[in-house]
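[1] A structural model of the following input is requested.
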Amino acid sequence: MRWRTPIAGLAILVGLAIYLGLIANIADFLPENLFLGTIFYLIAGLAWIPGVMFVLGWAHRDPAP
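    So this is what the prediction gives:
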């Protein structure tokens, strides 16, 4: 097993837990508006994907010879 795979898995889990806590705290400050809440959660629900893709790309990168 490559050493990057478990590190990347742990980083994703910890990072998503922190991200979800941050999003939940930010959502407390939003006004009670259905449209604004929908847009916020749509953006927040997709914003984590580039970070995870970066970590997965790092995990699958071939080590230098």
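[2] so where is the protein shaky, pLDDT-wise?
    1, 62, 64-65 (pLDDT under 70).
[3] Please list the outside residues in contact with the helix ranked longest in it.
    Using DSSP state H, we find that the single longest helix of the chain is helix 4-27. Helix 4-27 is contacted by residues 37, 40-41, 44, 48, 51-52, 55-56, 58-61 when judged by CB atoms under 8 Å, 6 or more residues apart in numbering. C-betas here are computed from N, CA, C, even on glycine.
[4] Please list only the buried members of the residues you listed.
    44, 55, 59 (16 or more other CB atoms under 10 Å).
[5] Off-centre distance for the helix or strand Phe35 falls within?
    In the assignment (DSSP states H and E), Phe35 maps to helix 34-47. Chain-centre distance of helix 34-47: 15 Å, with CA atoms, centre = their mean, to the nearest Å.
[6] What helices and strands are in contact with it?
    Judged by 3 or more CB pairs under 8 Å, 6 or more residues apart in numbering; DSSP states H and E, helix 34-47 is in contact with helix 4-27.
[7] For the helix it packs on, list every residue counted as buried.
    4, 8, 11-12, 23.
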